[in-house]
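> Below is the sequence, then the predicted model.
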Amino acid sequence: MPPLPSAHDPASPEAGARAAHMATLLAQLRADLRAARDDRSAKALARHREQGKLTAVERLDRLLDPGTPFLEVGALAAHGLYEGGVHKAGTLAGIGVIAGRECVVSSNDAMVKGGTIYPMGVKKALRMQTIAMENRLPFVSLVDSGGAYLPLQSEVFPDIDDGGRIFYNQALMSKLGIAQVTAVMGLCTAGAAYIPAMSDEVVQVRGTGAIFLGGPPLVKAATGEEVSAEDLGGADVHAVHSGVTDHVASDDAEAIRIVRELVACLPAPAAGWIDRAPAEAPLYDPAEIDGIVPESLAQPLDPREIIARVVDASDFLEFKASYGPTLVCGTARIHGYRVGILANHGVLFSECAQKATQFIQLCEKRRAPLLFLQNVPGFIIGRDYERAGITKHGHQMVNAVATATVPKLTVIVGGSFGAGNYAMCGRAYGPRFLWCWPNAKIGVMGAEQAAGVLISVANGQRERLGMGPMPVEEEAMIRGPVLENQAREGSAWYSTANLWDDGIIEPARTRDVIGLCLAACDRAPDPGFASAFGTFRM
């Protein structure tokens, strides 16, 4: 394949200004990530040390193979929610390598609100289970949790996507043959007690690990019986009497050693099915992306400049380059894995949708994962475009995205608005992984457009009442709150706090993050070509 040419000049003043703008965003991101990792009270840390426990970060460092990458998911989950302080939604989680095996890892952080589970913590737990199920990865849980955060119990307990779904998923994972190993290293209370009970093998730390459906305070309130946590659900209770626990550890370090041995005993994963060749570095430095991304979404961004710094050897075979040019499609490799790439270069026209539909069908037949680089204002609108079939053609693209069985990965590199979010494989369309850059914006439409719509509707109502257009001052009263709200709720930070994505990543790390995602996807069985038809030329 021919390498992509690049018109980017890293030494230009424009590149310098753009890099400076991105540097500001990255500084904020790094500061927030540090706080989410390290901002714990001295009292909580002292209590942890008194019990002889390792922190969630220390546990993870000992669990994972030294020198191997860890792909954290939801690093800023719940950021700014619940009046602050619920870092990472109470759980450190991601994909890491244990005894040579890629695993999904979830570690409760008991220094965050005592390890109690907030609504976003439930959502994060379900997300990690989805990753394990879609990619057939073993699931390792390090449990240290006080159970549901009771003041918000109505948001964590009864619905289809609330706490009970965690245990439902555990049953499905077991049926799928996905190994589940749990180490109980602290409290494992109420519904959380089902996590070890439904796992393949359970390790429990003597003296600190305690498993029970109702803790000592609840037992006393319900029955009048007074009992200690150790007598109620300690390691000896469950290893000797109930049989819930399979292995007893004297401390956290021994529990982690046992977990590593258990993972080492798992059957080797099946050979990967995704077409792979030796990896080659891009011709252009990925760090240059910082100087390529515009400071405003109103400025154009040629996705080929991004692709050239993400794919192997900067080689990219473009598909239908002259047709529907505001959507760039083509084939490349990332860390050796063959992928089909769809990247926005403006609004989506009928030609773009038809090109995308055909290209997705080809990738589906050739078993090539799909990578979507989103920077999309949406689909084109207007009388002529509706008559030409934009709604029909958009449906074809959305249908192809929804029904493709190959792994789909998405990175929001700019704007993600309206139905363009769906067509380019937003969260609702089942990407295996979805990441944002710090500059990403998400919404039904842009803030200025949304304000304009509301003003236009208001003026239409005034016209029907025989009134003239609203004064500029009244327009400002509508426009101001819309712009302010969009700036907050349309930001990458709001998206990641609510787990609409798997995390905010630095643009220069996109290639490596996608490579790790593809490696995880390669652990699942080949889903096969599901269509009953051949390829339609759109």
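That came through, no problem.

> Buried ones in stretch 245-260, by neighbour count?
Across stretch 245-260, burial judged by 16 or more other CB atoms under 10 Å covers T245, D246, H247, V248, A249, D252, E254, A255, I256, I258, V259, R260. All C-beta atoms are positioned from the backbone trio N, CA, C, and that covers glycine.

> could you give the mean pLDDT of that stretch?
Averaging pLDDT along stretch 245-260 gives 98.

> ok, now stretch 465-476?
80.

> where's G346 relative to I380, distance?
G346 is 9 Å from I380, where distance means CB to CB, to the nearest Å.

> repeat for E474
With CB to CB as the criterion, E474 and I380 are 31 Å apart.

> Kindly report the same for V411.
23 Å.

> Could you count how many residues lie near the closest residue in space to G503 that isn't next to it in sequence?
Closest residue to G503 apart from its sequence neighbours, by CB to CB, 6 or more residues apart in numbering: A75 at 5.1 Å. Neighbour count for A75, taken as other CB atoms under 10 Å: 21.

> Surely A75 and R30 touch.
No. Using CB atoms under 8 Å, A75 is not in contact with R30, being 11.1 Å away.

> Quick check: the residue nearest to G503 vs G85, distance?
A75 is 16 Å from G85, by CB to CB.

> What is the helix or strand where Q449 lies packed up against?
Secondary-structure assignment from DSSP states H and E places Q449 in helix 447-464. Judged by 3 or more CB pairs under 8 Å, 6 or more residues apart in numbering; DSSP states H and E, helix 447-464 is in contact with helix 472-489.

> what separates the helix it packs on from the chain centre, distance-wise?
Remark: helix 472-489 is offset 30 Å from the chain centroid, using CA atoms, centre = their mean, to the nearest Å.

> Whatever helix or strand comes next after it packs against which elements?
Once helix 472-489 ends, the next helix or strand along the chain (criterion: DSSP H and E) is helix 492-497. Under the contact criterion of 3+ CB pairs under 8 Å, 6+ apart, helix 492-497 touches strand 433-436, strand 441-443.

> Check the offset of helix 492-497 from the chain's centre.
11 Å.

> Name the next helix or strand downstream of that helix, please.
helix 510-521.

> So which of the buried residues of stretch 245-260 is the closest to S141?
V259 (9.5 Å; CB to CB).

> Where helices are concerned, which of the buried residues of stretch 245-260 count?
Judged by DSSP state H, the buried residues of stretch 245-260 include D252, E254, A255, I256, I258, V259, R260 as members of helices.

> Now flag whichever of those is closest to N108.
Distances from N108 to these, taken by CB to CB, are shortest for D252, at 12.5 Å.

> For the closest one, which residues are in contact?
G52, K53, L54, R59, M185, V205, T208 (CB atoms under 8 Å, 6 or more residues apart in numbering).

> Let me see the contact set for A440.
I412, V413, G414, G415, S416, S491, A492, S495, I504.

> Let's verify the fifth one: helix, strand, or coil?
In this case it means S416. strand (DSSP: H, G, I helix; E, B strand; the rest coil).

> same deal with the first one?
Under three-state DSSP, the three-state class of I412 is strand.
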